[in-house]
Each structure stands twice: as C-alpha cells, then as structure tokens.
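Participant: can you look at this prediction? I've put the sequence above it.
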Amino acid sequence: MVHLSGLFPHRRALPAALTTASALLLAACTGSEAPAGVEDQARAAVPSAQRAAGVLRIGSDLNYPPVAFRGTDGKPAGLDPDLAEALGKVLGLRIELVDTPFDELIPGVNARRFDVAMSGISDTPARRNALGENGMPTGRPGVDFVDYFIAWTSIIVQKGNPKGIRTLDDLCGRTVAVQRGTTQDEIVSRQVGACERAGKPLQVHRFDDDTVALAEVAAGRAVADFNDLPVAAYAARTTDDGNRFEVTGALSQSSPYGIAVNKSDTALRDAVAKGLDELMRNGEYDAILAKWNVGAGAARVAAINGGL
C-alpha cells in the first residue's frame, strides 16, 4: 500500500528551487494568531456580483482523483471539492462546480463561463502570462492564481516496473501517456527533444482524461504516465487493491496548485485569498488535507502568483 506520507519528502529536505517556491507561500505568515473577525473580513471582501448571486461558480475537471473526481454517488469528491465547500462557507457563498476538461479551464475563466477554476492547476509564469512553449506570448490572456497546495510530479508505471523506468531518459525510445494541457504534458514535451537528440524518439499519447492515460499504462500501450504525486500515489494505492501501478523515480518539482482567477477580478482574487487564509488559520484546511492523506503538501498562506 502506498501512503503519501511516505512518498512526500519532508519540507525541510525540499530541493532548493522548491524551497524557494515554498518560501513564497510562507512569506506572508508572520505568526500563528490572526486578528479577530478575519472570517468577517473575508466575507466583506466578496465582490458585489458574487454576493448578489449568492454563488461562486468553479470550473473543475472531475476526473483527477484524489484531487477532484466523482464519488460512487456521482457527486464531486476529493481535495479540491472539499476545500471549495469550506471556502464557500467562509465567504458566505454556495459553491457550484462546473465539470470542465482541464485544458478548457483557463479559457473558461477568461470567457467568464465560471468565476474561478480549481482543479490541481499548477501556478506557473507561463499560465499567468499566457506564454507558449517557446516562451513567447501567445496573444491569449493569462490568469492570476491564489496558491493553496505544494505539489510534485512523479512517474507512475505498471506494478513491478517491468521496463525499469527511473528517470526521464529511461523513457527515450518508448511511449508514454499524459493528460493534455497539464504541467506533466509540458515536462514530457521537453523530453521529446532530448530523446530525439539521443536518437531514440519518444512517443507521447495525450488524452483529455487522466484515467484513460492510466489505462494505457495498465494495458502496456505506454510504459508510464506522469502525474502530480497525490494522484499517482492514490492510483497506486487504490487500483486493483494496489496491485496494478507503482510510483517510481525521483520526484520532480512542480509549481504550487493555484485557484485561477480572471486578471481583471482582483477583488474576487483577494477575497478568495482571505478565505483560504482563514481556513488555514482555523485548522479546517489541515483537516481536509489529512482526510485525503496529502498533509505534507500543506501551504501556510494563500500566496498570490507565488509559483516559479
């Protein structure tokens, strides 16, 4: 059985780059005590549009357990839905989750199909500034992020790791599966060039749903899938009673998860940050992370645009 507590490195032993990212999340935390009435302050900060509607509409890809998925009853479940419900109570708003493919979440925020997006979205400069793979502006709008969780990327393979995958270079000459538009897709895309230079082309199968990518690995059509560690560890622990997959190789740095907000909605962004800070202060945030066995990824402040 795979437990996240064993897979996450202790925060004091994080790589330097990730420690820097974590420091940004911790920088605003100057003490354990918050001023009285901080929940009232968060509720008062909610913009008039959301206050009048009484609802916060959140785009989320409900195919990413344990971050966000549908339970056996068909209702949203996971880390993000639980945090969203708790945030709604602090802000005095009903939460409505809008099931949306991952690569449509940021465009959905900018098209105002929902107020914000929350679905294990890594806060990266490329997403904030709408940069392409070449680092140049795409001409599309970026988003702001309110960061709430520290994540790592891992490799998931068949149980027993029959192909001996340990590093990115071990993937050269093989086929991998990923969810389209994710940070992991970006990592694999960069590796394609390295494998071409080594004369061992890497084939990438991209899917809208990560469960399909995992099925490719299970069927042997791909040697590996790339996932945020909470997702990879959950799949390894729960699929076929832990007998189908395993997590392999060293952990790679990922940017923190952030709630994506339209750049023009600074008041809503700041209200969300205040609400998350209150959840972190009153202990409910830690309780939700513990429920999903991901406490080692806890942030201590809801930083705005803290990803590197």
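Facilitator: Thanks, I have it. Everything quoted here is computed from the prediction, not taken from an experiment. Residues are numbered from 1 along each chain as shown.

Participant: every contact and neighbour count from this point should use C-alpha atoms.
Facilitator: Noted.

Participant: dump the C-alpha coordinates for the longest strand belonging to the chain into PDB.
Facilitator: Scanning the chain for the longest strand, with DSSP state E as the assignment, gives strand 245-253. Provided in PDB are the C-alpha atoms of strand 245-253 (Å, rounded to 0.1, in the frame of the first residue of the first chain):
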ATOM      1  CA  PHE A 245       0.600   0.500 -10.500                       C
ATOM      2  CA  GLU A 246       3.500   1.900  -8.600                       C
ATOM      3  CA  VAL A 247       5.300   5.200  -8.300                       C
ATOM      4  CA  THR A 248       8.900   5.200  -9.500                       C
ATOM      5  CA  GLY A 249      11.900   7.500  -9.800                       C
ATOM      6  CA  ALA A 250      12.800  10.800  -8.100                       C
ATOM      7  CA  LEU A 251      10.200  13.500  -7.500                       C
ATOM      8  CA  SER A 252      10.400  16.400  -9.800                       C
ATOM      9  CA  GLN A 253       9.500  20.000  -8.800                       C
END
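
Participant: now that strand: how far from the chain's centre is it?
Facilitator: Taking Cα atoms, centre = their mean, to the nearest Å, one finds the center of strand 245-253 at 16 Å from the center of the full chain.

Participant: kindly provide the whole-number mean pLDDT of that strand.
Facilitator: Averaging pLDDT along strand 245-253 yields 81.

Participant: check stretch 287-298 too.
Facilitator: 91.

Participant: check stretch 121-128 too.
Facilitator: Rounded mean pLDDT across stretch 121-128 is 92.

Participant: which other residues reach that stretch?
Facilitator: 131-132, 135, 142-145, 147, 182-183, 254-260, 305-308 (Cα atoms under 8 Å, 6 or more residues apart in numbering).

Participant: what's the burial count for the closest residue to Thr167 other than its chain neighbours?
Facilitator: Take Thr167 and drop its neighbours on the chain: the residue closest to it by Cα to Cα, 6 or more residues apart in numbering is Gly249, 5.9 Å away. The local packing of Gly249 (other Cα atoms under 10 Å) involves 13 other residues.
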